[in-house]
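*Asks:* okay, predicted coordinates and the sequence, questions at the end:
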Amino acid sequence: MNQLLEIKLKELNIQINEIQKKQFDTFYSMLVEWNKVMNLTGITEYEEVIEKHFVDSLSIVNIFDLSEVNTVIDVGTGAGFPGIPLKIAFPHLKITLLDSLNKRIHFLDSVIDELKLDGIYTIHGRAEDFAKKDDYRERYDLCVSRAVANLSTLSEYCLPYIRVGGMFISYKSGDVDDEVLESKKAISILGGKLDNVVKFQLPGTDINRSFIKIEKIKNTGKKYPRKAGLPSKEPLK
């Protein structure tokens, strides 16, 4: 079962040991099992989960050196992507998984428990609310998100969590040029600066993906994020 994952991860220059292989397998089994009773993912075939969830989550290594960071927050983590694959492959990371749906948090807590992962925490709530709390605001080296929202909205969710000098990396599919252009003002208002847009194909597939790298260059103003719901209803322009 592990061979495909090993081959794919080698293409990313990631090596994992037997314990990590078993953790990925268990995560896959739990994902499929829990998916029968709640909507976690539309992708359940083993090969597809490997490519579109595990490898996709870990392909960040092509553009960012994870050995340089300690604290990571995954905003809108859903079924735990990219946060859980990152934690399995890079155990040194201290990761916070944030999601607004309690059922998903319950699933993630069970995965963390079953995989015996240390230094990974879940929080149930909205990104706009937790970003106002001192324990979370501007505390992280890196924020990642595969959540489906436009970049202006995502930047308002994510940039308040990152310390100055840290990085927000948004995982995107398809063409992102217009979206990046439209979000430049919002990124600037929130204390960020567009660092780079990296387009690539998932190894061994014709699936187009993009990473948008945004550096945090100054503190986010206290009025951001705006109250829950506003960033998505009225993205900063």
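*Replies:* Nice, thanks for sending it over. Numbers count the residues shown, from 1 in each chain.

*Asks:* mean confidence for the longest helix seen in the chain?
*Replies:* In the chain, taking DSSP state H as the definition, the longest helix is helix 18-35. What helix 18-35 shows for mean pLDDT is 96.

*Asks:* who are the packing partners of the next helix or strand after that helix?
*Replies:* Downstream of helix 18-35, the next assigned helix or strand under DSSP states H and E is helix 46-49. Using 3 or more C-beta pairs under 8 Å, 6 or more residues apart in numbering; DSSP states H and E as the contact test, the elements touching helix 46-49 are helix 18-35. In short, each C-beta sits where N, CA and C put it, glycine included.

*Asks:* list the buried ones in the helix it packs on?
*Replies:* Of the residues in helix 18-35, Gln20, Lys21, Gln23, Phe24, Phe27, Tyr28, Met30, Leu31, Val32, Trp34, Asn35 count as buried by neighbour count, 16 or more other C-beta atoms under 10 Å.

*Asks:* how far does stretch 56-67 stretch from start to finish?
*Replies:* Start-to-end span of stretch 56-67 (C-alpha to C-alpha, to the nearest Å) is 19 Å.

*Asks:* and stretch 5-22, by the same measure?
*Replies:* Stretch 5-22 end-to-end distance (C-alpha to C-alpha) = 11 Å.

*Asks:* show me how far that stretch is from its chain's centre.
*Replies:* 19 Å (C-alpha atoms, centre = their mean, to the nearest Å).

*Asks:* so which elements touch the longest helix of the chain?
*Replies:* Using 3+ C-beta pairs under 8 Å, 6+ apart, the elements in contact with helix 18-35 are helix 3-11, helix 46-49, helix 83-89, helix 102-114.

*Asks:* distance of the nearest residue to Ile105 once chain neighbours are set aside from Lys103?
*Replies:* In space, and not counting its chain neighbours, Ile105 is closest to His124: 4.4 Å by C-beta to C-beta, 6 or more residues apart in numbering. Applying C-beta to C-beta, to the nearest Å, the value for His124 to Lys103 is 10 Å.
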